[in-house]
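> Can you look at this prediction? I've put the sequence above it.
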Amino acid sequence: MLNISDNSIDKYVDKNRYKTFTLLSKKRRRSFVVLISILAIILFFGGLFLPWTQNISAKGYVTTRLPNQRPQAIQSIIAGRLESWYVREGDFVKAGDTIVFISEIKPEYFDPDLVARTGEQVAAKSQSIQSYDQKMMALRNQYRALEESRQLKIEQTHNKILQARNKISIDSIDLIAQKGNLDIAQNQFERTQELKDKGLKSLSDLQEKNLKLQQSQAKVMVQENKLLNQKNQLQNFQLELRAIVNDYADKLAKSQSELQSATSARLETVAGTAKLQNQLSGYNIRQQYYHITAPQDGYITKTLKKGVGEIIKEGTDIVTIMPAEYDLAIEIYVKPQDLPLLSPGNRTRIKFDGWPALVISGWPEASTGIFTGEVVAIDRMISTNGFYRILISPHSEEKAWPENLRVGTGTNTFILLNNVPIWYEIWRQLNGFPPDFYKTEKTMPGEVKRKAPLKSVK
């Protein structure tokens, strides 16, 4: 029974018939289970103190940071009819390559000689402008001639007025002299009359003096009439001066009015010419839009319009193109409660759809098949879905992202934060708290200082 001998009798003994064997077997199994349980508990509690990297996980997709590197639709600037295609889906095109040709559908542009005829109208309008320029020059010359003529007339009339005033002065002096002669003749006649009455003078002497008196009176009257005529002549010259001023003012105003009319007509012609030139430029540019070209180097991904003869409107998407060169980035959305912990420069771990990987979010060093990124931009305004958008670019010091990665590929992203014990992370998850708001910084050996919460990006 002690199994000391090499000759065992276990096969000859039925242990189930003896209670002792049953009790010994149960006790041995119970001790093994207890030992395993104790080891499991020790390992469990020991594992709770292992370091765990806090992270914010989010799903996203691959995009680009520059708008001109994203897929874009090519539109038609004008309405038209599809005539012929020059590309197929998947073709590589360079900037300026023709993609599709369209024809005109608007009746006002049907004329094949529209550009030439509009050019002739522009030339005719330009000649009209030259004619108006010549007319304006002639009117300006006429205006200057009228001003010179007015000045000459005014000076001539001023001279006449001056001459009239001089004659008036002379006639006034002559009148004074004639009046003096009249006074002398009157005195002589009166003395001769007295002497005759006394018998000292004869009748013929008296008649002679009377004749001289009458002659002096006549000369005085003639001189007075002559002076009066000169004064009237002066007034006529003054009236003539006013008439000249008024007459030439009317002529100058009329000439100025004609000049302004010509100027206005010229400006209208210039405006009409500019309008025609604008139309001509528009016609020339419109004809260039019949050939719809690629805006940049890229690949034709999808044709949105089909066949030949289809009518399209202005701004209608025709094909989509993916730029040949682009810088990849990842767009993800995070909860508002996680935003205060994020800032540009945070490291991230990324798993791309289609690239096999083993991800352990809390132990990024143990993950395989994942890639590294860096937070480069955080939106300053919440999105319509209630989350904040974040852009992530490749990290220059880590493994490059796959070459075959395309825009639109799905991703699982983990933004790495602080290192904490596993028990703390479990406690945080059970309570629904956000990741730790604090970082620790050692100030002295054995001393730990708490820092203020991380601020959100402003």
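Arrived safely, thanks for sending.
> What residue spans form the domains of the protein?
The chain breaks down by automatic domain parsing into domains covering 1-48, 52-68+326-450, 71-104+291-323, 114-288.
> Format the ones you listed as TSV; extra columns: mean neighbour count and mean pLDDT.
The C-beta positions use only the backbone N, C-alpha and C, and glycine is treated the same way. Below are those laid out as TSV (neighbours: other C-beta atoms under 10 Å; pLDDT from 0 to 100):
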stretch	mean neighbour count	mean pLDDT
domain 1-48	9	64
domain 52-68+326-450	15	75
domain 71-104+291-323	15	90
domain 114-288	15	88
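> Looks like Asp338 contacts Ile56 (just checking).
Yes: between Asp338 and Ile56 there is a contact under C-beta atoms under 8 Å: 4.9 Å.
> need the next SSE after the one helix or strand Ala249 maps to, C-terminal direction.
Ala249 belongs to helix 203-288 when assigned by DSSP states H and E. Beyond helix 203-288 in the direction of the C-terminus, DSSP H and E gives the next helix or strand as strand 291-293.
> for the residue of the chain most remote from its centre, helix, strand, or coil?
Most distant from the centre of the chain: Gly199, at 124.3 Å, with distances by C-alpha atoms, centre = their mean. Under the three-state scheme (DSSP: H, G, I helix; E, B strand; the rest coil), Gly199 adopts coil.
> Would you map the strands across the stretch 301-450 of the chain?
Ranges of strands within the stretch 301-450 of the chain are 311-312, 317-323, 328-334, 347-352, 371-378, 388-394, 410-421, 440-444, 447-450, based on DSSP state E, counting those that start in this stretch.
> Dump those to TSV, plus distance to Gln217.
Converted to TSV, the strands of the stretch 301-450 of the chain look like this (distance: least, C-beta to C-beta, whole Å):
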stretch	distance to Gln217
strand 311-312	114
strand 317-323	118
strand 328-334	127
strand 347-352	135
strand 371-378	123
strand 388-394	125
strand 410-421	135
strand 440-444	139
strand 447-450	139
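> For Tyr86, which of those is the nearest?
Closest to Tyr86 of these, according to C-beta to C-beta: strand 317-323, at 10.8 Å.
> now for the lengthiest strand in the chain, which elements pack on it?
Longest strand in the chain by number of residues (criterion: DSSP state E): strand 51-64. Counting contacts by 3 or more C-beta pairs under 8 Å, 6 or more residues apart in numbering; DSSP states H and E, strand 51-64 is packed against strand 328-334, strand 388-394, strand 410-421, helix 422-431.
> tell me the angle the first one makes with strand 388-394.
Right, the one you point to is strand 328-334. 150 degrees (axes from the mean of the first three to the mean of the last three C-alpha atoms, to 10 degrees).
> Counting by contacts, list what the helix or strand hosting Lys167 packs against.
Per DSSP H and E, Lys167 falls inside helix 114-197. Using 3+ C-beta pairs under 8 Å, 6+ apart as the contact criterion, the elements in contact with helix 114-197 are helix 203-288.
> how far does the helix it packs on sit from the chain's center?
Offset of helix 203-288 from its chain centre (C-alpha atoms, centre = their mean, to the nearest Å): 58 Å.
> who touches the residue nearest to Ile382 when sequence neighbours are not counted in this structure?
The spatial neighbour of Ile382 that comes closest, neighbours along the chain excluded (C-beta to C-beta, 6 or more residues apart in numbering), is Tyr388 at 5.8 Å. For Tyr388, the contact set (C-beta atoms under 8 Å, 6 or more residues apart in numbering) comprises 333-336, 339, 378-379, 382.
> Run through the bridge partners of the residue nearest to Arg406 when sequence neighbours are not counted.
Counting by C-beta to C-beta, 6+ apart, Val62 is the residue found nearest to Arg406 once chain neighbours are left out, at 6.8 Å. Using DSSP bridges, the bridge partners assigned to Val62 are Ile330.
> how far away is Val62 from Asp97?
Separation of Val62 from Asp97 (C-beta to C-beta, to the nearest Å) stands at 27 Å.
> cool, Leu213 as well?
Distance from Leu213 to Asp97, by C-beta to C-beta: 125 Å.
> same deal with His395?
For His395 relative to Asp97 (C-beta to C-beta), the value is 36 Å.
> same deal with Glu155?
Per C-beta to C-beta, Glu155 is found 80 Å from Asp97.
> my read: Gly408 touches Gly60, true?
No: with contact defined as C-beta under 8 Å, Gly408 does not count as touching Gly60 (10.8 Å).
> Which strand residues bridge the closest residue in space to Ala73 that isn't next to it in sequence?
Among residues not flanking Ala73 along the chain, Asp317 sits closest, at 4.0 Å (C-beta to C-beta, 6+ apart). Beta-bridge partners of Asp317, counted by DSSP bridges, are Gln75.
> From Asp327, how far out is Asp317?
25 Å.
> again, but for Ala274
To Asp327, Ala274 is 45 Å away according to C-beta to C-beta.
> Next, the contact list for Pro336, please.
So Pro336 contacts 382, 386-388 (C-beta under 8 Å, 6+ apart).
> how about the residues you listed, which pair is most distant?
Farthest pair in the contacts of Pro336, by C-beta to C-beta: Gly386 and Tyr388, 9.1 Å.
> Can you tell me, leaving aside adjacent residues, what's nearest to Val220?
Setting aside the residues directly before and after it, Val220 is nearest to Gln178 in space (C-beta to C-beta, 6+ apart), at 4.6 Å.
> Tell me if I'm right that the one you found and Asn225 touch.
No: using C-beta under 8 Å, Gln178 makes no contact with Asn225, being 11.5 Å away.
> For the helix holding Lys167, what is the distance to the chain centroid?
With C-alpha atoms, centre = their mean, you get 64 Å for helix 114-197.
> so what's the closest residue to Gln287 other than its chain neighbours up against?
Spatially, and ignoring its direct neighbours in sequence, Gln287 is nearest to Val115 (7.3 Å; C-beta to C-beta, 6+ apart). Shown in contact with Val115 (C-beta under 8 Å, 6+ apart): 280, 283-284, 287.
> Switch these over to TSV; also include distance to Glu89.
Shown next, in TSV, are these (distance: C-beta to C-beta, whole Å):
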residue	distance to Glu89
Leu280	38
Tyr283	33
Asn284	32
Gln287	28
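> wait, which of these is closest to Ala253?
Using C-beta to C-beta, these come closest to Ala253 at Leu280, 39.9 Å.
> Spatially, and excluding backbone neighbours, which residue is closest to the closest one.
Thr118 is the one closest to Leu280 (C-beta to C-beta, 6+ apart), at 4.6 Å.
> how near is the one you found to Ala124?
11 Å.
> How about Lys335?
Following C-beta to C-beta, the distance that separates Lys335 from Ala124 is 71 Å.
> Same check on Arg81?
With C-beta to C-beta as the criterion, Arg81 and Ala124 are 33 Å apart.
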